[in-house]
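Colleague: got a sequence here, can you model it:
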Amino acid sequence: MEVIIALIVGLVLILTAIFSIQTKKALNNKGIKTEGVVFDIIDSQSLSLKFKIPVIRFLDLNKKWITEEAKLGTAIFQYKVGDKVIVAYEKENPKNFVIQDAKSNTIIYILLIAGILIFFIAALSLVGIKF
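Modeller: Reported below is the predicted structural model:
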């Protein structure tokens with residue numbers, strides 16, 4: 001039973017990472033790009049992992065301030081309050097945005113690697129290979 005749960009967890013992590021990569025790619029290609037600033041950093045905890053989620057503030061095309069948490073958390077100490085960032089957002093929904101830099105990819109790739117490892121180890125256990 002534990003092996004099946006590990007397979008499912010691994011698969012969910014892989015699918016979450018792939019969805020995040022595709023969403024980020026779509027916004028980077030079609031979204032409106034502007035400069036924003038890290039307005040605040042919020043502590044978040046998921047399972048036993050702690051994340052720092054940046055709150056980004058930027059002006060949209062209508063000169064309206066958008067202040068929102070980034071959709072994906074980032075690893076500890078990646079951003080500091082006051083850091084300038086480039087964001088890409090949807091014209092119709094500026095609250096749907098991504099940060100355009102390598103730092104913001106870290107958590108996505110951690111999820112992908114963790115998912116692959118968990119899935120691979122669970123699959124090997126399922127066929128009788130133990131670690």
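Colleague: so where do the strands sit in the protein?
Modeller: Using DSSP state E, the strands of the chain run over residues 32-46, 49-59, 65-69, 84-89, 97-99.
Colleague: using TSV, lay out these together with mean neighbour count and distance to residue 25.
Modeller: C-beta here means a position set from N, CA and C on the backbone, and glycine is covered the same way. Formatted as TSV, these follow (neighbours: other CB atoms under 10 Å; distance: least, CB to CB, whole Å):
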stretch	mean neighbour count	distance to residue 25
strand 32-46	14	14
strand 49-59	17	19
strand 65-69	15	20
strand 84-89	18	10
strand 97-99	24	9
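Colleague: would you single out the least confident of these?
Modeller: Ranked by mean pLDDT, these bottom out at strand 49-59, with a mean of 85.
Colleague: how big is the angle separating that one from strand 32-46?
Modeller: Orientation check (axes from the mean of the first three to the mean of the last three CA atoms, to 10 degrees): strand 49-59 against strand 32-46 gives 150 degrees.
Colleague: let me have the strands of the chain in CSV, adding distance to residue 110 as columns.
Modeller: Listed next are those as CSV, based on distance: least, CB to CB, whole Å:
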stretch, distance to residue 110
strand 32-46, 12
strand 49-59, 9
strand 65-69, 18
strand 84-89, 20
strand 97-99, 16
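Colleague: many thanks, we can stop here.
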